[in-house]
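**Q** here is the input, now give the coordinates:
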Amino acid sequence: VKGPNGLVRCLTTEMDTELSNRYPEQTISKEEFEEWLAPKIEEFKVNQALTSLQQPVLTIPVVIHIIHDGDPINVAGGELSENISYAQAVSQVDVLNEDFRRLMGTPGAGETNYNAGVDVEIEFCLATQDPNGAASNGVNRVNLCQESWSTADIDGIVKPETIWDPTKYMNMWSVNFTDSSLLGYAQFPNSSGLGGLNTNNGPADTDGVVSNYNAFGTLAQDDGSFILNNTYNLGRTMTHEVGHYLGLRHIWGDGRCRQDDFVADTPSSDAPNYGCPSYPTVNCRTNDMTMNYMDYVNDNCMYMFSQGQKERMRALFASGGPRAVSYTH
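**A** Residues are numbered from 1 along each chain as shown. So this is what the prediction gives:
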């Protein structure tokens, strides 16, 4: 659904439904997934409360696939295209670390109206080796000789042809969407084909997060080679989509007031918020957590994950979980 500015902030829910329809024999319902996840969250909370079982920071290796049609790599002063510069690509990883680690001196480290922003203790690093063991700078440029891509062709062609082992890397794609109004989408972990959910919805070769090339990275690090849209240009499209990749739903639960996002400390709402809403913004008789990364507000007006969201994301890495791989350090 397009927002008031004509852009589609996120297509994750719609793509999840499409995957469910495409693979009905493998589908696990949202309710079944939540039933599996609930005790994992409680296990994480108990372990976190015990000093002797303090949970380690998780580091996720990242590969950024830059999909282009043969245009030269963007440079300062040159003609800019979908073949984004290395600096623009890796600035996105910096934003993820700022937001998920709530690093000092970054927007997420300030006070919130809820005073509830937390360090998720998940961080991201560029891959130093490719799947064959060769040295890598974490960026994989691929010329697929096509100007733009539909979501169907991204999942049917782009991802399967370029993906690195999703049990060892978080795959990120920067693409030129045929629908230029679309900013990004992700695949929920219950659709990943990974361990922990034997009847998940969708193949492993589509696992990861996708962004339009002009919403990938942050203007804050622009060296003249960046090409970013006027509104969503601080890297929060990918912060939002990685939240989905790690099991978070939209803050309003993708429904009206009684539709839950399955996180106890995020208030009920009935729709996304856009722009930079004033505080308080009241829906469903509660103040909306508009500044949460899982809403649809402008990049410069979102700056927090809640403790409940942290517990939900971290629970996915529990033994038997769909993201239970060797990411700790």
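**Q** what bits of this structure have low per-residue confidence?
**A** 19-20, 22-33, 36, 48-54, 110-112, 115, 190-202, 325-329 (pLDDT under 70).
**Q** report the separation between the residue nearest to the spatial centre of it and G208.
**A** In the chain, the residue lying closest to the centroid (CA atoms, centre = their mean) is V242, at 1.6 Å. With distances taken as CB to CB, to the nearest Å, V242 is found 10 Å from G208. Just so you know, the C-beta spots here come from the backbone N, C-alpha and C atoms, and that holds for glycine as well.
**Q** contacts for whichever strand or helix holds M172 next, please.
**A** M172 belongs to strand 170-175 when assigned by DSSP states H and E. With CB atoms under 8 Å, 6 or more residues apart in numbering as the contact definition, strand 170-175 has outside contacts at 60-67, 82, 84, 89, 92, 124, 148-149, 154, 158-159, 162-164, 207-213, 216, 238, 242, 245.
**Q** next one: it to chain centre, how far?
**A** The chain centroid and the centroid of strand 170-175 are separated by 10 Å, computed with CA atoms, centre = their mean, to the nearest Å.
**Q** tell me where the stretch 1-150 of the chain has helices.
**A** For the stretch 1-150 of the chain, helices defined by DSSP state H, counting those that start in this stretch occupy the ranges 12-22, 30-49, 86-101.
**Q** same for the strand ranked longest in the chain, what does it pack against?
**A** Ranked by number of residues, the top strand in the chain under DSSP state E is strand 58-68. With contacts taken as 3 or more CB pairs under 8 Å, 6 or more residues apart in numbering; DSSP states H and E, strand 58-68 sits against helix 86-101, strand 122-126, strand 139-143, strand 170-175.
**Q** would you mark the buried spots in the third one?
**A** Yep, that's strand 139-143 we're talking about. V139, N140, R141 (16 or more other CB atoms under 10 Å).
**Q** that older thread, a markdown table please, covering the helices of the stretch 1-150 of the chain and showing mean neighbour count.
**A** Below are the helices of the stretch 1-150 of the chain laid out as a markdown table (neighbours: other CB atoms under 10 Å):
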| stretch | mean neighbour count |
| --- | --- |
| helix 12-22 | 17 |
| helix 30-49 | 15 |
| helix 86-101 | 22 |
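**Q** who wins for proximity to V297 among the ones you listed?
**A** Among the helices of the stretch 1-150 of the chain, helix 86-101 comes nearest to V297, with 13.8 Å by CB to CB.
**Q** from the chain's centroid, how far away is that closest one?
**A** Using CA atoms, centre = their mean, the offset of helix 86-101 from its chain centre is 12 Å.
**Q** what packs against it?
**A** strand 58-68, strand 122-126, strand 139-143, helix 236-245.
**Q** pick the most buried one from the ones you listed.
**A** For these, average neighbour numbers computed from mean count of other CB atoms under 10 Å are highest in helix 236-245, which has a mean of 26.
**Q** run the angle between that one and helix 12-22 for me.
**A** Helix 236-245 runs at 40 degrees relative to helix 12-22, counting by axes from the mean of the first three to the mean of the last three CA atoms, to 10 degrees.
**Q** how far off centre is helix 236-245?
**A** For helix 236-245 - counting by CA atoms, centre = their mean - the centre lies 2 Å from the chain centre.
**Q** who does it touch, helix- and strand-wise?
**A** By 3+ CB pairs under 8 Å, 6+ apart, helix 236-245 packs against helix 86-101, strand 170-175, strand 184-186, strand 209-212.
**Q** mind saving the C-alpha coords of the last one as PDB?
**A** Extracted as PDB, the C-alpha positions of strand 209-212 are listed here (Å, rounded to 0.1, in the frame of the first residue of the first chain):
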ATOM      1  CA  VAL A 209      16.600  -8.500   2.600                       C
ATOM      2  CA  VAL A 210      16.100  -6.300  -0.500                       C
ATOM      3  CA  SER A 211      16.200  -2.600  -0.900                       C
ATOM      4  CA  ASN A 212      15.800  -0.200  -3.800                       C
END
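**Q** sorry, back to before: any residues in contact with both of V242 and G208?
**A** Shared contacts of V242 and G208, defined by CB under 8 Å, 6+ apart, are found at M170, A186.
**Q** what about the longest strand of the chain, distance to the chain center?
**A** Distance of strand 58-68 from the chain centroid (CA atoms, centre = their mean) equals 12 Å.
**Q** alpha carbons only: can I get that strand in PDB?
**A** The C-alpha trace of strand 58-68 is given here as PDB (Å, rounded to 0.1, in the frame of the first residue of the first chain):
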ATOM      1  CA  LEU A  58      25.800 -11.900  18.100                       C
ATOM      2  CA  THR A  59      27.800 -10.900  15.000                       C
ATOM      3  CA  ILE A  60      26.200 -11.600  11.700                       C
ATOM      4  CA  PRO A  61      28.400 -11.700   8.500                       C
ATOM      5  CA  VAL A  62      26.800  -9.700   5.700                       C
ATOM      6  CA  VAL A  63      27.100  -9.900   2.000                       C
ATOM      7  CA  ILE A  64      25.700  -7.000  -0.100                       C
ATOM      8  CA  HIS A  65      24.800  -8.000  -3.600                       C
ATOM      9  CA  ILE A  66      24.700  -5.000  -5.900                       C
ATOM     10  CA  ILE A  67      22.600  -5.900  -8.900                       C
ATOM     11  CA  HIS A  68      23.200  -3.700 -12.000                       C
END
